[in-house]
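**Student:** A predicted structure for the sequence below; I have some questions about it.
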Amino acid sequence: MREHEIVANTRMPVTVSSLLRDLSALGVREGDCVLVHSSLSSLGWVCGGPQAVVQALLGAVGEAGTIVMPAQSGDWSDPAEWSNPPVPKEWIDIIYREMPAFDPLVTPTRGMGRIAETFRTYPGTLRSGHPQVSFCANGSLAENLAADHPLTPQFGMASPLGKLYELPNAKVLLLGAGYDACTSFHLAEALLEDMPSKKMGTAVMDAGARTWKWFEDFAYDSADFSLIGAELDERGELPVRDKVGMADSRLFNLRAGVDAAREWLKTNRNNG
C-alpha cells in the first residue's frame, strides 16, 4: 500500500500512546514475553513509523517483559534454490565462494518488514546466531533466548522457538500479519515424527575463517499455516482478536498454538 493511500485510509494518526492502549485492550501485559510478527502498512499511518511501533511494544511489556521478533536472512541460503529472483547458474559457484559470512550485528533481515528490521538495530536488542533464521529479543529474557541457536534443527527445541515453548505464558502477537507468517508453527513441524529433511547451505565463520557450510535440516513448509490459523479462528479457543491501529491483530499462547498446529499437521498434512 502506498503512503498516500495509508494516509487517506487512516481516520486518526496512530501514535505510541494509541498503540499502547490497543495492545493493552488486546491482552498484552507488563512482564509478558511476546513473539511479534508485524505489518507496518496494515496499522495505518503511524506517527514515527516503525520506531514508534517498537517503542510501544517494549513499553507494553515493560522492563520485566521481553519482545521477540524473527530476523530471518534468506539471502544467506543456497543460491541454487533462489527463485525471487533466480540467479544465472554460472553465478552459483561464485556466490558459494564470495558470500560474506553471516554477522548478527551487520547482516540485514529479508522479508521481515520495517518493524522487525528497526527492532534488529534497536538499543538493547540481541540477535541469535543462526545465519538463516535468527531471532532478535529485547528485554529481561533476551540474553537466554538469543544464546546458542543451533545450526540444525533451526526451529527445534534448542532454538529460540523451543525456549519460548518452555515458557508456559509466552505469547504470539500477529500485528496485522497473517498466520502464514507465524514462525512458531515451524516448531510444530520440527516435532513431527515423519518430517522430511533436505540439504541446506550458508556462509558462516568457522574456526576463524569464512566458509560455505552444508547441513541437513527439516524441509519446513509454511504453505498450510493459513489453514491451521483458519481452524484456530473457527474454534475460537486460542486467539484474542481485535484492532491495533487499523490492523486486524491476534494474540494467543505460544505453547497452545504450537500444540494445536502439531495436531493439525499430524492429521491433515499428508491427507489433504
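**Tutor:** Ah, there it is.
**Student:** where do the helices sit along the stretch 51-200 of the chain?
**Tutor:** When secondary structure is read from DSSP state H, counting those that start in this stretch, the stretch 51-200 of the chain shows helices at 92-98, 114-120, 142-146, 160-165, 184-190.
**Student:** other SSEs contacting the third one?
**Tutor:** Using 3 or more Cβ pairs under 8 Å, 6 or more residues apart in numbering; DSSP states H and E as the contact criterion, the neighbours of helix 142-146 among helices and strands are strand 66-72, strand 126-127, strand 133-139, helix 160-165. In this view, the C-beta of every residue, glycine as well, is placed from N, C-alpha and C.
**Student:** residue 249 falls within a helix, correct?
**Tutor:** No: counting by DSSP: H, G, I helix; E, B strand; the rest coil, residue 249 falls outside a helix, being strand.
**Student:** on that earlier part again, same list (the helices and strands packed on helix 142-146) but as TSV, adding distance to residue 229.
**Tutor:** As requested, these are arranged in TSV below (distance: least, Cβ to Cβ, whole Å):
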stretch	distance to residue 229
strand 66-72	16
strand 126-127	27
strand 133-139	20
helix 160-165	17
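**Student:** closest one to residue 175 among those?
**Tutor:** Distance to residue 175, taken as Cβ to Cβ, is lowest for strand 66-72 among the helices and strands packed on helix 142-146, at 10.0 Å.
**Student:** so which elements touch that closest one?
**Tutor:** The elements that strand 66-72 packs onto, with contact taken as 3+ Cβ pairs under 8 Å, 6+ apart, are strand 33-38, helix 49-61, helix 114-120, strand 133-139, helix 142-146.
**Student:** quick one: closest of the ones you listed to residue 22.
**Tutor:** Proximity to residue 22, assessed across the helices and strands packed on strand 66-72 by Cβ to Cβ, is greatest for helix 49-61 (8.7 Å).
**Student:** and that closest one with strand 33-38, angle?
**Tutor:** Helix 49-61 and strand 33-38 meet at an angle of 160 degrees, taking axes from the mean of the first three to the mean of the last three Cα atoms, to 10 degrees as the criterion.
**Student:** check contacts around residue 36.
**Tutor:** If you count contacts by Cβ atoms under 8 Å, 6 or more residues apart in numbering, residue 36 has them with 57, 67, 68, 69, 115, 173, 175.
**Student:** look up the closest residue to it, ignoring the ones flanking it.
**Tutor:** Setting aside the residues directly before and after it, residue 36 is nearest to residue 173 in space (Cβ to Cβ, 6 or more residues apart in numbering), at 4.7 Å.
**Student:** coming back round to it: which of the helices and strands packed on strand 66-72 sits closest to residue 190?
**Tutor:** Shortest separation from residue 190 across the helices and strands packed on strand 66-72 is recorded for strand 133-139, at 11.4 Å, computed as Cβ to Cβ.
**Student:** tell me the mean pLDDT for the closest one?
**Tutor:** Looking at strand 133-139 alone, the average pLDDT works out to 98.
**Student:** give me the angle between that strand and helix 49-61.
**Tutor:** 60 degrees.
**Student:** what's the angle from strand 133-139 to strand 66-72?
**Tutor:** With the same axes, to 10 degrees defining the directions, strand 133-139 sits at 160 degrees from strand 66-72.
**Student:** and residue 231, how far from residue 184?
**Tutor:** 15 Å (Cβ to Cβ, to the nearest Å).
**Student:** which of these two has more neighbours?
**Tutor:** For the pair residue 231 and residue 184, the greater number of neighbours falls to residue 184 (22 against 16), based on other Cβ atoms under 10 Å.
**Student:** what distance do you get for that one to residue 122?
**Tutor:** With Cβ to Cβ as the criterion, residue 184 and residue 122 are 22 Å apart.
**Student:** surely the residue nearest to residue 36 and residue 28 touch.
**Tutor:** Yes: contact status for residue 173 versus residue 28: in contact at 6.8 Å, counting by Cβ atoms under 8 Å.
**Student:** overlap in contacts of these two?
**Tutor:** 34, 251.
**Student:** between the two, which is the more surrounded one?
**Tutor:** With other Cβ under 10 Å as the criterion, residue 173 and residue 28 differ in neighbour count, and residue 173 comes out ahead with 28 against 25.
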